[in-house]
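Colleague: okay, sequence plus prediction incoming.
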Amino acid sequence: MIPSTRPAARTPPRRGGPPALRADQSPRARFRPSREAEARILLLIDAFSRKARGQSRYLEGRVKLAKLDFLLRYPRHLRRVLLSQGVSADKIEQLDPNEAPLDARMMRYRYGPWDPSYYAVLGSLIGRGLVVVAPLGNGFGYRTTNTGADLAANLRADGSFDDINQRLALLRRYLDKSGNTLKSYLYELPEIADAAWHEDLT
């Protein structure tokens, strides 16, 4: 489902408001993978699984993946978390606090923000040979294959992904933490801490 170089077309985000509603608003639609979601998750996994000092590394588990994806999709909250961790405002000038979230809104679940489509997205990436999963500690880790890394490089070279690439660079530099640490950062946000289970996050 992933395009070779360009994401699926989407309605531009509306400043200060929620994204345009999709044509299919049924609950079942939330479990379906989209080309945009597959491309974004591929870029996220690749960014956090590139070799360090010649050693392969993995993005450690779905909890960390979901928290990083939430911050990737919600620039307003990414900005707040970075500021709370002491990152100076001049380092994050590109983050617009009024920009609406990417893609569909995530929901509050047991361990914080969650997207029901993750299982389908990850299954598609793994099934297409773009991502591999391996036992890691008490859970699983994800990394891109050579084919997946090549496709991620093509996507990064496409200007359509500039905003995502800039946010990924900030996440790698300042928020390469454990899933539980990221969860604790997010629970400092009232929009998450005060949300009911299965409530859409704003």
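Modeller: Looks like it came in fine. Nothing here was measured: the structure is a model prediction, and the numbers come from that model.

Colleague: leaving out chain neighbours, which residue sits closest to the most centrally placed residue in the chain?
Modeller: The centre of the chain sits closest to Asp69, judged by CA atoms, centre = their mean, with a distance of 2.0 Å. Using CB to CB, 6 or more residues apart in numbering and skipping the chain neighbours, the partner closest in space to Asp69 is Leu44 (6.0 Å). No exception for glycine: its C-beta is placed from N, CA and C like everyone else's.

Colleague: immediately after whichever strand or helix holds that neighbour, which helix or strand?
Modeller: If you go by DSSP states H and E, Leu44 is part of helix 35-47. Using DSSP H and E, the helix or strand that follows helix 35-47 towards the C-terminus is strand 59-60.

Colleague: got the angle between the helix or strand following that next one and helix 35-47?
Modeller: Next in sequence after strand 59-60, counting helices and strands by DSSP H and E, comes helix 61-73. Interaxial angle, helix 61-73 versus helix 35-47 (axes from the mean of the first three to the mean of the last three CA atoms, to 10 degrees): 110 degrees.

Colleague: give me the mean pLDDT for helix 61-73.
Modeller: The average pLDDT within helix 61-73 is 95.

Colleague: likewise for stretch 81-101?
Modeller: Per-residue pLDDT values across stretch 81-101 average out to 90.

Colleague: neighbouring contacts of the host helix or strand of Leu122?
Modeller: Assigned by DSSP H and E, Leu122 belongs to helix 118-127. For helix 118-127, the external contacting residues (CB atoms under 8 Å, 6 or more residues apart in numbering) are 1-2, 31-33, 37-38, 41-42, 45, 62, 65-66, 131-133, 142, 148.

Colleague: and the helix or strand that it is followed by, what does it pack onto?
Modeller: Once helix 118-127 ends, the next helix or strand along the chain (criterion: DSSP H and E) is strand 131-136. Contacts defined by 3 or more CB pairs under 8 Å, 6 or more residues apart in numbering; DSSP states H and E place strand 131-136 against helix 118-127, strand 139-144.

Colleague: if we go to 10 Å?
Modeller: Judged by 3 or more CB pairs under 10 Å, 6 or more residues apart in numbering; DSSP states H and E, the packing partners of strand 131-136 are helix 35-47, strand 59-60, helix 118-127, strand 139-144, helix 146-156.

Colleague: pLDDT on the longest one, on average?
Modeller: Looking back up the chat, that one is helix 35-47. Averaged across helix 35-47, the pLDDT comes to 96.

Colleague: shaky segments in the chain?
Modeller: 1-31, 52-54 (pLDDT under 70).

Colleague: quick one: Leu170 and Pro75, what's the gap?
Modeller: Distance of Leu170 to Pro75, given as CB to CB, to the nearest Å: 10 Å.

Colleague: and what of Ala120?
Modeller: For Ala120 relative to Pro75 (CB to CB), the value is 25 Å.

Colleague: and for Gln85, the neighbour number?
Modeller: Counted with other CB atoms under 10 Å, residues neighbouring Gln85 total 11.

Colleague: quick check: phi and psi at Asp90.
Modeller: Note on Asp90: backbone dihedrals following degrees, to the nearest 10 are phi -70, psi -20.

Colleague: to what extent is it buried, counted in neighbours?
Modeller: A count of nearby residues for Asp90, using other CB under 10 Å, gives 6.
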